[in-house]
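Asks: structure of the sequence below:
(chains A, B and C)
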Amino acid sequence: MLRLIAFRCLFAFATLWVVSLVVFLAVELLPGDACEAFLGQMAQGQRLENCRVEHRLNESAHVRYLAWAEGLAQGDLGNSIKRSKPLENVIGPRFRNTLILGLTAAALGIPLAIFLGVLAALWRDKRADLLISSAAIFFMTIPEFITGTLLISFFSVYLGWLPGIVIMRVDAPISEVFTQIGLPVLTLMLVMVAHIMRMVRTSMIDVLASDFVMMSELKGLSRTRQVLRHALPNALLPAINLIALNIAWLMGGVLVVEVVFNYPGIGRLSVNAIADRDFPLVQALALLMASIYVGLNLMADIATLLLNPKLRTRQGAPL
Amino acid sequence: MIRHPLLMALLRSPSGRIGLGLVLFHCGLALIAPLIVPYDFNAQSEVLDAMGPSLQHWAGLDTLGRDVLTRTFLGGRQALLVTVFGTIMAITWGSFLGMVAGLKGGRLDELIMRTVDTFLAIPFMIFLLLIIASFGNEPLVMILTLGFFYGIGVVRLARAATLDEVVKDYVQSARARGESTLSIVLKEILPNVRDVLLVESAMRWSWMLLAFSALSFLGFGVTPPTPDWGLMIANARIYMPLAPWPVLAPMIALSSLIIGINLVADALAKALGLDRTQARTL
Amino acid sequence: MTALLRLEKVCVGYQSADGEPVLLVNEADLTLDPGETLGVVGESGCGKSTLLLSIMGHYKPGLKRLSGSVLFEGQDPDQASVEALQRLRGGGMALIPQNAGQALTPTLKISAQMVEALQLHSEVPAAHWKNKSIELFERVQLPSPEKLLDRYPHELSGGQQQRVAIAMALAGSPRLLLLDEPTTGLDVTTQAQVLQLLSEISETTQTAMVFVSHDIGVIAKTCQKIAVMYAGEIIEAGTQETVMDQPGHPYTQALLASVPRLGQASLPDGIRGRLPESLGAPKDSCAFEARCGFSEAVCRTQKPDVIDVKGHLIKCSRQSSIAPFQLPNSSPRAVLEGFEPERKVVLAVRDLALTYQSTGPIKRWLYGAPEPVVADVSLELRQGQTLGLVGESGSGKSSILRTLAGLQPGLRGMATFLNQHDLLIPVGRRSPEVLRKIQLVFQNPDASLNPRRTIRDIIERPLRLYFNYSAPERSAEAYDLMDSVQLPRDYLDRFPGQLSGGERQRVAIARALAAKPDLLLCDEITSALDVSVQASMMQLLTELKSKRQLTVLFVSHDLPVVGALADHVAILRNGRICEAGATQEIFEQPAHPYTRELLAAVLSHR
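Replies: Modelled structure (predicted):
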């Protein structure tokens, strides 16, 4: 089994490497080089030349790629064109902020989603389920920017309970961050819980109809025991991978949420970086997000491997 | 042939009826809007300030004095154009590749799947923004980009559905007869995975619409002054406490369309007996 | 002595949209005393499983008991409180499920699942649970009980899983065991062992049993009383001897006549017609009359009387006029006697070896090098012959067939068709001639036809693919084929979903014959069919073989079926042929111990 895990890790790295290539190539293929794009209308003469020299754009593509990759391996992300600072400084604190946002939403959201999903499956098509499922559909379909805006006007402007738009320094202490993230977390959670809850519900309904759950009932087990001991573990297993996928999707949503709330995280940073045409920054951010995605999937894969007895040993292994 | 029972089933459930109604309404609206709007979307009234609903302006005026109702009616056109064609493109290429991968198996399948997995790792939002920033936001660019990125998820789904069918003997029987891959994909597999793909199309359309509106919210969608729901919301939201109408009207429009599509997708899934676990990836 | 279990006029079903009840079990009456074993036999759709589950008070979603009473030790499960029901299930009565592999929770170790049963239904204190489990495992003859406890269900073989299910059921020392086809899917040899075990348990512990099965041979071997079900009704009930030797109901007789028996000169008889489509709506007529050879006007106009002949109950209005049962003798086996060397060799296989998985280098590193699942297989098939390839599940017989059809790669060896063509090349690289001349028919009628295409499309496909017929010529061929498989021509415009399993299998055969093949490969084509449908299929095949001079390679695990259809037979075990030769000789004087074991297992319950 260790071999399987090793293989997955290897594959994860390979994926990241290919992604880095794709990211690099994509930026290469865009019209104009990084300096031209950034400087826009002022891309001429000495200014352009200086910029090019500073960012080594005169060298050929594969040399630059190797240099970049090498730098990455050593933790050096290169320099931002706009701010002429090492990118780690720009990305670092914002990454921390986004992480706080995402982890809080996940930590609160996932247990809630599982709980609601199981409930909805157990009382399928009854009032509880209809309520939960309708709410889920509602929050899944409404774009985050709408939810966010509505939440701001309701909780912040109208009720005044929570801060609306975030006003915070990028490197504010964590305690302060927590006071500001109420609504952004809520916005993210609503969508996330909706998606995960539906998955858990479907998985649970499938498992509740299985032979072994029927058998556990016919063995005389109480309903609670059937659900908790027999049904739930089997329902959650396939959901792990989907949950990981979903959390990874969160990153797309985080972008929008951060812009809505003006939250200083890597989502807002990405939008600004693209608007500014700060390509080195964009490349680094793209790779960072890809790493998060790949990392989460890897963890989900490994978790599934560890938790699913069927994957650990081959069938019919001799006694 | 099978269309009709599908339509009937859809109309049978109340949610299906509502959903279908909403979708048809919006499509119809988008088509005839230019003919029925009372004002020019760019015309600024002398007031030059936001105003609530009145008899002349049923949805009021936005902060630049433009008629909100007109802009809301017209605001979905670009979105629908791009997302409908984008979805068609995504489903077409995605399902074809997925079916071939599932059918052929072996190295080709491995190759396709590894590529798909890799592309799924790419943060598509950033890429979308990047491509639009560099190549412009004409409908064609958006259709191609969205169609490409959303098709990747379809490959996975089509492959999974194909794998379910491939193990069945009628496909093996076709293989044993020596039928060509193309023939098997089109004649044996497609009719049997069509249901799954149909539901997936509906879902993809709604996700694409969400992405498009997010893009225009961020300023990467249409070029002002063309009206668009996402952009309208972005521009007017700061004034929301004082002037809610320029925000609420496009919000209601967008939400109702997306809810409509989702209701249709759900009703279809129930009617076709597909209660599959669906992850919103791309 | 009061009966342990008593069912009176039990009706299970649901209310359809227009208020009419739809019954899956129609007025079932049963009585069981402590220690008695009752077998309920019937073909698919007869309601036997539904009946069994209703004894536990369990109904599939949507169903419920509409009328009648079920009394176990004087109590009705439907009226019991939740706690009482939980004590009853697993305690007073225990279920042994059909597919133990699916019925054991995949995420829990065997020990955990055993402990659950012990904890709830036995008086054994916690400290002794492990020992008690081991004791129970030894009772059901499971090897290495200690190791087994530590495993997960998927790590056990089918037979082991079944035994675990039995041990779990015994944990609560139930007074009644309910068995739902417990030996389906098991190898013939394992099946024999499990049945032996069950008989023994019933004798020594005086546990009553209700044993549901579609296999009358299995029932006859283990049960003292037999009840026969058709279309939701119990149409005959009595002691094992009475029902087996003097079956009174025409359906029971027909059922017994359709069982293939070793050494029988004639083919088994099928039952004409098929299960009615609107099953379940109670009518004022006999459920079986449309297919019955003895039916008269009275059978169509009123519900049949229940005749009681000294405890032997028969639900038939024509009881008095029904002749005593005789084994079928009307359809002689069309088996090639003698073996003319002048017949040309159609298929020659030498030292064939196969594996299951593809062996890419990555997979090899991950899972280890694959072992050949089939090795040293040599066969020869001459024109007009039928070779039966017999083996249990996992023996590799289907793999061999699929390799010959080009769907799977061979590892090494040689396989030649008509002395010219190499068969170890995949389908993609075969010539159209070879593709046409070898045709494959599959096991599962549900999956072998494309559900979205009409029967006409399905049958005409090979015609379009391999021949240059004009449209009217194709149509004529299609009619011809439908006639030869004895299906009405208007079925051509139907979809597979509208046909029964047996009818679909006939379409599959017609499709294969459309190509006018030189070699017909049959992969367990009767195994998924009910026994009476299987009998009809066997008759059809025999007729087609002689009319069209077919050369057939027939794969099956069922010895009597092979015995009736094949003139030569090869016995496959773990991928190797242990014995081969003329069917008559092998079955009468088996040389290899494995063959003898197989034959013994079959004979013991026929």
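Asks: show me the shaky parts of the chain.
Replies: Going with chain A. A:1, A:32, A:34, A:41-43, A:54-56, A:58-59, A:74-85, A:248, A:312-319 (pLDDT under 70).
Asks: correction: the question concerned chain C.
Replies: Regions of chain C meeting the criterion pLDDT under 70 cover residues C:1, C:276-280, C:333-342, C:356-370, C:603-606.
Asks: give the residue farthest from the middle of it.
Replies: For chain C, the largest distance from the centre (Cα atoms, centre = their mean) belongs to C:Ala127, which lies 42.6 Å off.
Asks: can you verify that residue is assigned to a helix?
Replies: Yes. Under DSSP: H, G, I helix; E, B strand; the rest coil, C:Ala127 sits within a helix.
Asks: distance of it from chain B?
Replies: Note on C:Ala127: its distance to chain B, by Cβ to the nearest Cβ, to the nearest Å, is 43 Å. For glycine as for every other residue, the C-beta is placed from the backbone atoms N, C-alpha and C.
Asks: can you report how many residues lie near B:Gly52?
Replies: For B:Gly52, the neighbour count with other Cβ atoms under 10 Å in any protein chain shown is 12.
Asks: for the closest residue to it other than its chain neighbours, phi and psi?
Replies: Excluding its sequence neighbours, the residue lying closest to B:Gly52 (Cβ to Cβ, 6 or more residues apart in numbering or on different chains) is B:Gly60, at 4.8 Å. Dihedral pair for B:Gly60: phi 80, psi -170, per degrees, to the nearest 10.
Asks: can you tell me how far B:Gly60 is from chain C?
Replies: Applying Cβ to the nearest Cβ, the value for B:Gly60 to chain C is 50 Å.
Asks: quick check: that residue vs B:Pro34, distance?
Replies: 21 Å (Cβ to Cβ, to the nearest Å).
Asks: same drill for these two, tell me which one is more crowded.
Replies: B:Gly60 (19 against 12).
Asks: C:Gly391: what's it in contact with?
Replies: Applying Cβ atoms under 8 Å, 6 or more residues apart in numbering or on different chains, we find C:Gly391 in contact with C:397, C:555, C:557, C:571-573.
Asks: report the buried residues of stretch B:235-250.
Replies: For stretch B:235-250, a neighbour-count test (16 or more other Cβ atoms under 10 Å in any protein chain shown) marks B:235-237, B:240, B:243-250 as buried.
Asks: Throw these into JSON lines and include pLDDT, distance to chain A and secondary structure, thanks.
Replies: Formatted as JSON lines, those follow (pLDDT from 0 to 100; distance: Cβ to the nearest Cβ, whole Å; DSSP: H, G, I helix; E, B strand; the rest coil):
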{"residue": "B:Asn235", "pLDDT": "87", "distance to chain A": "12", "secondary structure": "helix"}
{"residue": "B:Ala236", "pLDDT": "87", "distance to chain A": "10", "secondary structure": "helix"}
{"residue": "B:Arg237", "pLDDT": "85", "distance to chain A": "5", "secondary structure": "helix"}
{"residue": "B:Met240", "pLDDT": "80", "distance to chain A": "5", "secondary structure": "coil"}
{"residue": "B:Ala243", "pLDDT": "80", "distance to chain A": "12", "secondary structure": "coil"}
{"residue": "B:Pro244", "pLDDT": "83", "distance to chain A": "8", "secondary structure": "coil"}
{"residue": "B:Trp245", "pLDDT": "85", "distance to chain A": "13", "secondary structure": "helix"}
{"residue": "B:Pro246", "pLDDT": "86", "distance to chain A": "12", "secondary structure": "helix"}
{"residue": "B:Val247", "pLDDT": "88", "distance to chain A": "7", "secondary structure": "helix"}
{"residue": "B:Leu248", "pLDDT": "89", "distance to chain A": "9", "secondary structure": "helix"}
{"residue": "B:Ala249", "pLDDT": "89", "distance to chain A": "12", "secondary structure": "helix"}
{"residue": "B:Pro250", "pLDDT": "91", "distance to chain A": "9", "secondary structure": "helix"}
